[in-house]
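In: dropping the sequence and predicted coords here.
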Amino acid sequence: MSRATAHSAGMLVPDPPALRAPSRGRRAQQPLVRSYGAGSANPFSGVQHSNVHALRHSTSAGTVQTMAAVATATGRRASAAGRTDARSGPTRRMRGWETASVPSTRPPNAVSIMRKKSQPQLTSASAAAASGCSAAAAATTAVASGHGWPAGGLYAVVAAAAPRRNIPSAVPGGGDPTGAARGFNLSTYPSSFHADPTPLATHHVRHQRPDPDPHVHRGPHMHQGTAFGGSQRFPTRTQRLAEAGFRLQAAKSSGAAAFVAGQTGALQAGSLVEYEKNDRGVLAVLAAPDGKKNWFAVDQTGRRQSITPKQVQWVLPGGGYKEADVVAFTAAAEGADMTLMEIAWEVAAESGEPLELRDLAILLYDDMSPKSLYVTHRMLQRDTLYFKPGPRGGSVRSYVPRSAEDVAALRQQQEAAEGARKAAEAWRVAVTAARAAKTRSQLPSAVEWQSGPFADRIAALMAIALSALPRVDDVTMQLALASLQLAGAGSRAEPDVAAALLVEIGALRRHEPLQLLRRGLALQTPPEQQEEALAMLSSPPADPDASSREDLTRLTVFTIDDASTTEVDDGLSLEHLPGGAGIRIWIHVADPTRWIRPGSNLDVAGRERIRTLYLPWGSVPMFPRQLAEGPFSLREGQLCEAMSVCVLLNKDGSLERPRVLPSRVRVSHKLTYDQADAVLAAASAAAEAASEAGTKAAAADGASNGLDAAAAADLVALRDAALSRRAYREARGCIEIPLPEAQIHVPYAHLDRARPSVNITRISQWDSASRGLVAEMMILAGEAIGTIGAEAALPLPYRGQVDPPDLPSTKALAALPEGPCRGFALKRCMTRSSVAATPQRHASLALDAYVQFTSPIRRYVDMLAHHNLKAWLRGEPLPFSRSDIDALVSAGSDAARELGAAERESENYWIAEYLRLNWGTEYPAMVLGWQREDLQLAAFLLEREGLEVVARVPQGSVFNPGDCCVLVPTEVSPTTGFYRFYVAGWTSGLDPERGEGEDEEGGEQDWEEAKEDVVVARSGT
């Protein structure tokens, strides 16, 4: 055993290596210096550091010089090769050794401290490390030159040589400058007098070293509290690192505490053990045996449980523990300050060698009591950053400090995980708060969700909600799934589930048009197109037809549209020829090609959109709204550029000398269909009254709709021309389908309401004189352009129906009631039309050539006709050849079908919502005929709404087209656009011989089955 001062029978502490004699031969010559308490007359009175207990050398200059060299050699890793320090100066390399030169301010007989280069060197560039060598050298120089001990004595020399950090020096006096009746304190520099050598834990007021353990005997050197005879201080991080390093160095050189090295002892009553339960360690005290092998253990909750010896992972030193000890140990472990692990790691990483549990307990708490060992053990179990289990020799536990690179990587992972955890919790709280909102106005807006801190989660959920788009990547899928789970919205990332959550928190409106978004249809014009439109408005391009535009502002121009129409692309005029020779009809068409050139950005954008999308709540324009509803449209009272089609009608309604020209017009009267119908109805009533009275009909009165007598007369004349045109086409074999349409309207502002206002109105050109007028005039313009193009052999998008439909026989049609029933029978026989760059007959319209020309703002194929016609009028090369037109039409047909499907899906959604809002309503309907007779599916027309539906009728029911009944919905689902009806009863036309549901094979049973299985779908879907 090394010569050491024995303070306790149970614990012997040897000399620290740095303080041992340089040679055994001189030990007998050195007087033994013991540790004295405060107030001793010893030159080093009050030395109480627990790891340094004796000095073995005299104070002669030569001895001190030798000691300084040994102490400096202990800290030889503190300086790297070629490193410079403010106090020690640059280092000089020698063969196999390094020399830290002493600054020139030192005495001339200063000695150099030699350090072996082969020893491991620190990665830290701390200047304090190098300065330690200089301080040691300065101390030896001062003693050798007769100047005596430096301030702080030998501890200043030892502390200066500590690895990496400045080990605080022990100086007499503690906090008292006089040093009287005080122990020694540790200070950063030899001249400091204000710090104490306390363990790491004591520098944190709330996490002090575990309370003294009564089961371990302590000698007088074992400290309690936070100060050694002085007032409590809070040293710097550098000081704590230095103290910990010094304490660890002393502890590793000591073998006196081997009995607490972590070895497992025998199990006995009163033993404190940690046993495994559900993959975690539980601290308990053994109460009594349970049979021959097992033991009853009591944990901190007081629960008594039988455990097997195999479950025991660790037996703490000592015995006679009580249940209160379990509670105290556990509480101390739970309250341990985990920030101490970083400082312990920095000290332990100096060597990188495995440390036993007792080494770390000393490093953290300067204590090896069972409580300190257990607290250290639990801290190591909780630590996932700084230490990892090392090689285990028998039952001795060891831990290895991780490398700086590993710690940095793990810290980055943990910080990322912690950031993700906090973000997840913030998301959960935000969703909870949104659900707690009483009104939608209290929720964050969709823009705030999409641009706020949860933008990534909203984007991921949106991608799932719109998953009809290309497949979502795995990262997005996982983020969306985690977001749904945190929000308690289920464990599967399904489109409807994601959409429901987004609607619930306000990131989507209640009635967001998901049907369109899932098809990839943009509901807003891209920003770059809007910017281009604004630039075009601020600086209009030159009009290529400015010199040839004809001024037609003398004409009275009518526009007739729905009240909600914002893109006005056609108007009508009537010109009386001189001398009563007849009338000339003008169809004025908006001229967006005056603004857009072929191949420009906006032209390509319109080509991609194909046409304007019309929806129950509004429209998605083909061009930026600023242009489509601005200079492109024929606006009332403003001078507008147009392409005007001029035609003369023969007495039989045929076309004569059509022509087309660029023009300028001014809209005189902007009418709705209802307003125009009122004017025409008033004129018809006046004509009938005059006919009955045998007098000449008075001039039509349109004052109530802002029309003077002349304007009203022109409108009537246009209606008469339209009737003449229809008669002409009917004589040529046109096919008219007199089926009404359902016009669905929802205010755009109601898309986020729980109960939006949904209106479904029946409209029909056969029920509205003005609608028939406008439809016939548009057909007339299409025939005129087709005729001009065919005569000039121009490549235009000609629409035709080459294969005539296979119509029912005249007898079969005559047997059907006029109106919707005949229209339904004819519609089922119709064939698709086609578009080609060469003229082709249109069988349904009974025209030899027809070009859609009157909607260039909302239909791109119409713009193709405008571009080529205008180039032909100017005598320029045509921008689109026949092959170009065929290719564009072919490419656009798929997009057009996609838009049509999107419109039908949106309509089905709002029809189902309409039925939901009006649940319990009975709907008068007319049966149109069989849709699938083999499946008992019949087509019905809801008479008020003009809506065509398909429903199953009871087996054995006999009806004829035109019979009336009442339909009642049984199920609706707006999300899928699905709804069911059943026939609640017939109101007219049921075969009296069979009766309602009186089938010989059980009509009543079939009727009940029909109620449960009535499927309704929009016609044509």
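Out: Alright, I've got the coordinates.

In: next secondary structure after the helix or strand where I788 lies?
Out: If you go by DSSP states H and E, I788 is part of helix 769-792. Toward the C-terminus, helix 769-792 is succeeded by strand 798-800 as the next helix or strand (DSSP H and E).

In: how about the strands in the stretch 451-600 of the chain?
Out: Secondary structure of the stretch 451-600 of the chain (DSSP state E, counting those that start in this stretch): strands at 550-551, 558-561, 570-576, 583-590.

In: if you count neighbours, what's buried in the third one?
Out: Under the neighbour-count criterion of 16 or more other Cβ atoms under 10 Å, strand 570-576 has D570, G571, L572, S573, L574 buried. Glycine gets a C-beta too; all of them are placed from N, C-alpha and C.

In: show me what that strand is packed up against.
Out: Applying 3 or more Cβ pairs under 8 Å, 6 or more residues apart in numbering; DSSP states H and E, we find strand 570-576 packed against strand 558-561, strand 583-590, helix 709-731, helix 769-792.

In: mean confidence for the longest one?
Out: Spelled out, it's helix 769-792. Averaging pLDDT along helix 769-792 yields 96.

In: now do the buried residues in that helix.
Out: 769-774, 776-790.

In: what number of residues lie near the nearest residue to L385 once chain neighbours are set aside?
Out: Of all residues not flanking L385 in the chain, L410 sits nearest, at 5.1 Å (Cβ to Cβ, 6 or more residues apart in numbering). Counted with other Cβ atoms under 10 Å, the neighbours of L410 add up to 15.

In: can you check R397 too?
Out: By other Cβ under 10 Å, neighbour count at R397 equals 22.

In: I'd guess S644 is in a strand, am I close?
Out: Yes. Looking at S644 with DSSP: H, G, I helix; E, B strand; the rest coil, it is inside a strand.

In: chain neighbours aside, what residue packs nearest to it?
Out: Per Cβ to Cβ, 6+ apart, closest to S644 is S663, 4.2 Å.

In: any idea which element that neighbour lies in?
Out: S663 belongs to strand 655-666, assigned by DSSP H and E.

In: how big is the angle separating that strand from strand 583-590?
Out: 50 degrees (axes from the mean of the first three to the mean of the last three Cα atoms, to 10 degrees).

In: right, and the helix or strand after strand 655-666?
Out: Downstream of strand 655-666, the first helix or strand assigned by DSSP H and E is strand 669-672.

In: for the strand holding S663, C-alpha coordinates in PDB please.
Out: Taking Å, rounded to 0.1, in the frame of the first residue of the first chain, the C-alpha atoms of strand 655-666 are listed here in PDB:
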ATOM      1  CA  LEU A 655     -78.500  32.700 -96.000                       C
ATOM      2  CA  GLU A 656     -77.500  35.300 -98.600                       C
ATOM      3  CA  ARG A 657     -74.200  37.100 -99.100                       C
ATOM      4  CA  PRO A 658     -72.600  36.700 -95.600                       C
ATOM      5  CA  ARG A 659     -69.500  38.600 -94.700                       C
ATOM      6  CA  VAL A 660     -67.300  39.200 -91.600                       C
ATOM      7  CA  LEU A 661     -65.300  42.200 -90.700                       C
ATOM      8  CA  PRO A 662     -63.500  43.800 -87.800                       C
ATOM      9  CA  SER A 663     -65.500  46.600 -86.200                       C
ATOM     10  CA  ARG A 664     -66.200  49.000 -83.400                       C
ATOM     11  CA  VAL A 665     -69.500  48.800 -81.600                       C
ATOM     12  CA  ARG A 666     -71.200  50.300 -78.600                       C
END
